[in-house]
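K.L.:
this one's sequence-less:
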């Protein structure tokens, strides 16, 4: 088992690859924006139908992209802690456990992410998949709302572009936060699979640490009782208790 020894180690891979996936995400929204600017504005009903179809395609691609990103995060950190390699994305075999015993590895990163996204997230305060649908509906409603007869084509395109940019910012924030959440969750699972029974909570111990996180600093928790991140962009982390 490889111990994560600092906050930098805990998040460095996530910080690196999220930039790659965010560029791909921006390209998806840019493509959608270009498609919207080419639509006819003669009939509202016709445009509404086109908007829904294009938005459905956009958000299907977004969901696939975020799932790919989170699976890559899960695969990296599970492999980092257990020091085992994967075969086609699936970890298998035995590891020398934290308690000196051998433990069977049974971990599929894609299944882990799928199950994780189906659960209520205490940080974002919502379920992932319903929230994706809500954001899509909000984008479509925003676009349809700017189709007023008195507005010129140029004004409408500018208003639609603003709505798309707002939707992009919301998805970017969601993507980044779930990357952090999965990083912490999969590391905790990897420690547990290695036989770790307890972990200790660490903050950054600087002036930016909030009161909630500061209260948890240096506290020891059972591996299955570790609190979730306390807020968006929480950079606290845990390490095994060697006892």
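P.N.:
Here it is on my side, so go on. Predicted, not measured: the structure shown is a model, and the values here were computed from it. Numbers count the residues shown, from 1 in each chain.
K.L.:
where's residue 209 relative to residue 241, distance?
P.N.:
21 Å (C-beta to C-beta, to the nearest Å). Heads up, the C-betas are built off the backbone N, CA and C, glycines and all.
K.L.:
in the protein, which ranges drop under the pLDDT threshold?
P.N.:
40-48, 147-151, 243 (pLDDT under 70).
K.L.:
Okay, helices next: where are they in it?
P.N.:
For the chain, the helices defined by DSSP state H cover 7-37, 44-82, 109-117, 128-145, 153-193, 211-216.
K.L.:
Only the buried residues of the last one, if you could.
P.N.:
Which is helix 211-216. Neighbour-count burial for helix 211-216, counted by 16 or more other C-beta atoms under 10 Å, picks out 213, 216.
K.L.:
same question, the first one
P.N.:
Within helix 7-37, the residues that qualify as buried are 9-11, 13-14, 18, 21-22, 25, 28-29, 32-33, 36, counting by 16+ other C-beta under 10 Å.
K.L.:
Now distance to residue 143 too, for the residues you listed, in CSV please.
P.N.:
Converted to CSV, the buried residues of helix 7-37 look like this (distance: C-beta to C-beta, whole Å):
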residue, distance to residue 143
9, 43
10, 39
11, 35
13, 36
14, 32
18, 28
21, 25
22, 23
25, 19
28, 16
29, 13
32, 10
33, 11
36, 7
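K.L.:
wait, which of those is closest to residue 156?
P.N.:
Among the buried residues of helix 7-37, residue 36 lies closest to residue 156 (C-beta to C-beta), at 9.7 Å.
K.L.:
That closest one contacts residue 164, correct?
P.N.:
Yes. Judged on C-beta atoms under 8 Å, residue 36 makes contact with residue 164 at a distance of 7.1 Å.
K.L.:
which neighbours do the two share?
P.N.:
Both residue 36 and residue 164 are contacted by residue 143, under the criterion C-beta atoms under 8 Å, 6 or more residues apart in numbering.
K.L.:
does residue 106 have beta-bridge partners, and which?
P.N.:
Legend: beta-bridge partners of residue 106 under DSSP bridges are residue 92.
K.L.:
which outside residues touch stretch 122-137?
P.N.:
For stretch 122-137, contacts defined as C-beta under 8 Å, 6+ apart pick out 55-56, 58-59, 62-63, 117-121, 167, 170-171, 174, 177-178, 181, 228-232, 234.
K.L.:
Now do the buried residues in it.
P.N.:
Neighbour count says stretch 122-137 has 123-124, 128, 131-132, 135-136 buried, by 16+ other C-beta under 10 Å.
K.L.:
Which member of these is positioned nearest residue 111?
P.N.:
Using C-beta to C-beta, the buried residues of stretch 122-137 come closest to residue 111 at residue 128, 15.2 Å.
K.L.:
what about the residue nearest the centre of the chain, distance to residue 227?
P.N.:
Taking C-alpha atoms, centre = their mean, the centroid of the chain lies closest to residue 178, which sits 2.3 Å from it. Applying C-beta to C-beta, the value for residue 178 to residue 227 is 18 Å.
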